[in-house]
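# Have a look; sequence and predicted model below, questions after that.
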Amino acid sequence: MRIKDIADALHLSVSTVSKALNGGFDVSPETKEQVLKYAKENGYKSRDERLKVKSIRRLCVLFDNAVDSKSNIFIPLSLAFAEAARVNNFETITRPISDVTPSYEKFMINNNYDGAFIVGLNYTSPFFKELETTKIPTVLYDNILNGEKVSTITNDNINTIQRLVTLLAKSGHKKIGFIHADKQSFVANERYAGYIIGLMMNNIEYNPEYVFYGSFSEASGFEASEFFAQRDVTAVVCSSDIIAVGFINGIERFHMTVPKDISVTGYDDLEISRYIKPPLTTIRQDLELIGERAYYLLTSLMMNRASQRIVVDGDIIVRSSVSVPRKDNE
């Protein structure tokens, strides 16, 4: 039974019946009761109910297999997404983005996937532009794209990095460097913007010589340590924890230690950030919450609801990798 069938039977408009079934406030209690009673007696099921009672369906989590495996961001995200899907009778398959051929649409249809959660997509992906017109329900993590069937869930990257820069400034740092992870990545560029805004808000002049361009990898942080060892920065903001790990390990080659000679911050609050020496000051993402919300965003799209953008805030976790700058470095 369709909404139109109920409307015809009760001599009401389709919009009135739809509002009554969905708890609209601009429908009288009498009309709402009449519609709900007729719908129940005649076996009408809402989209939510129809989605839930269908046999197991397949969802796909696509991840960037080029990202350093030690970062582990994908693991809690995908596990939380898959668990939310499982209790609602969905099967979740994880695949690397590189598997998407010959096109996103054909890949999803050929593999019988009803929707996808994509982690790690950047502007250079061959199917990035395709997502603007896709009819496949899709949720992007830490990315922005205008599409009728594309919702996004992102961290508050700009605000959280700005707060980290402020933390360093309040500790006395005026020469603050930044490790940029990927010029083609939305999340990396947002964090870079947060760094610049943080400097401006603390009346610190931006110096392009204090920015290192690398990737989301431990090797990039290790390489950046040599770059910053040759500059007079007193603190470095890293785009991720795994970059910070590489930096801390690499800076020792130049007889420098963290935080005595240079302070360091990360982003993500991965498990390793608690155990590296010194423990890392960072931004904690609630990856389990993000993964769960991504599932509900996806099923909302599958029920033909409007696309959405959700922004999730992060918390500063202060540990031992930040201290006041040395007197001779100020």
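Arrived safely, thanks for sending.

# all strands in this structure, in order from the N-terminus.
Ranges of strands in the chain, per DSSP state E, are 57-63, 90-96, 115-119, 138-141, 150-155, 176-180, 211-213, 235-238, 263-265, 282-284, 309-312, 315-317.

# looking at the ones you listed, which is closest to residue 77?
Closest to residue 77 of the strands of the chain is strand 115-119 (C-beta to C-beta; 5.9 Å). Where you see a C-beta, it was placed from the backbone N, CA and C, and this is true even at glycine.

# Quick one: list the elements packing against the closest one.
strand 57-63, helix 74-86, strand 138-141, helix 287-302 (3 or more C-beta pairs under 8 Å, 6 or more residues apart in numbering; DSSP states H and E).

# cutoff 10 Å now
strand 57-63, helix 74-86, strand 90-96, helix 104-110, strand 138-141, strand 150-155, helix 287-302 (3 or more C-beta pairs under 10 Å, 6 or more residues apart in numbering; DSSP states H and E).

# State the paired neighbours of the fifth one in the sheet, together with their directions.
With DSSP bridges as the criterion, the sheet partners recorded for strand 138-141 are strand 115-119 (parallel), strand 150-155 (parallel).

# Also the third one?
With DSSP bridges as the criterion, the sheet partners recorded for strand 90-96 are strand 57-63 (parallel).

# now the nearest residue to residue 236 once chain neighbours are set aside: how far from residue 217?
Leaving aside its sequence neighbours, residue 236 sits nearest to residue 177 (C-beta to C-beta, 6 or more residues apart in numbering; 4.4 Å). Counting by C-beta to C-beta, to the nearest Å, the gap from residue 177 to residue 217 is 18 Å.

# Between these two, which has more neighbouring residues?
residue 177 (25 against 21; other C-beta atoms under 10 Å).

# could you redo the strands of the chain as TSV and give each row mean pLDDT and distance to residue 108?
Shown next, in TSV, are those (pLDDT from 0 to 100; distance: least, C-beta to C-beta, whole Å):
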stretch	mean pLDDT	distance to residue 108
strand 57-63	93	7
strand 90-96	94	10
strand 115-119	96	6
strand 138-141	96	9
strand 150-155	95	13
strand 176-180	98	32
strand 211-213	98	33
strand 235-238	98	35
strand 263-265	98	38
strand 282-284	97	33
strand 309-312	94	22
strand 315-317	97	35
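
# just those strands: most buried one?
strand 235-238 (a mean of 31; mean count of other C-beta atoms under 10 Å).

# List the strands paired with that one, with their directions.
Per DSSP bridges, strand 235-238 is paired in its sheet with strand 176-180 (parallel), strand 263-265 (parallel).

# quick one: that strand to chain centroid distance?
The chain centroid and the centroid of strand 235-238 are separated by 21 Å, computed with C-alpha atoms, centre = their mean, to the nearest Å.

# Equivalent analysis for stretch 305-313, please.
Using C-alpha atoms, centre = their mean, the offset of stretch 305-313 from its chain centre is 11 Å.

# for stretch 290-307, same thing?
Worked out by C-alpha atoms, centre = their mean, stretch 290-307 lies 14 Å from the chain centre.

# For that stretch, buried residues please.
290-302, 307 (16 or more other C-beta atoms under 10 Å).

# who touches the residue nearest to residue 236 in this structure?
When contacts are counted by C-beta atoms under 10 Å, 6 or more residues apart in numbering, residue 177 is found next to 195, 207, 209-212, 224, 227-228, 231-238, 247, 262, 264.

# what does residue 202 give?
Here residue 202 is in contact with 162, 165, 166, 167, 168, 169, 170, 173, 174, 176 (C-beta under 10 Å, 6+ apart).

# Skipping its backbone neighbours, what lies nearest residue 150 in space?
That would be residue 138: by C-beta to C-beta, 6+ apart, it lies 4.9 Å from residue 150.

# next one: residue 107
Counting by C-beta to C-beta, 6+ apart, the residue nearest residue 107 is residue 100, at 4.7 Å.

# Next, count neighbours for that neighbour.
Neighbours around residue 100, by other C-beta under 10 Å: 23.

# same deal with residue 132?
Count around residue 132 with other C-beta under 10 Å applied: 12.

# Look at the nearest residue to it once chain neighbours are set aside and report its pLDDT.
Spatial nearest neighbour of residue 132, chain neighbours left out: residue 147 (4.8 Å); criterion: C-beta to C-beta, 6+ apart. Here, the pLDDT recorded for residue 147 equals 87.

# For residue 189, list the residues it contacts.
Here residue 189 is in contact with 122, 123, 157, 158, 180, 181, 182, 183, 239 (criterion: C-beta under 10 Å, 6+ apart).

# how about low-confidence regions in the protein?
Residue ranges of the chain with pLDDT under 70: 1, 24-25, 45-56, 65-72, 328-330.

# ok so, going back, so for residue 286, which of the strands paired with strand 235-238 sits nearest?
That would be strand 263-265 among the strands paired with strand 235-238, by C-beta to C-beta, at 18.4 Å.

# and the residue nearest to residue 150, bridged to which residues?
residue 116, residue 150.

# Touching, it and residue 118? I think so.
Yes: here residue 138 lies in contact with residue 118, judged by C-beta atoms under 10 Å, at a distance of 6.5 Å.

# Quickly list what's touching both of those two.
In contact with both residue 138 and residue 118: 60, 62, 104, 131, 145, 150, 152, using C-beta under 10 Å, 6+ apart.

# Many thanks, I have nothing further to ask.
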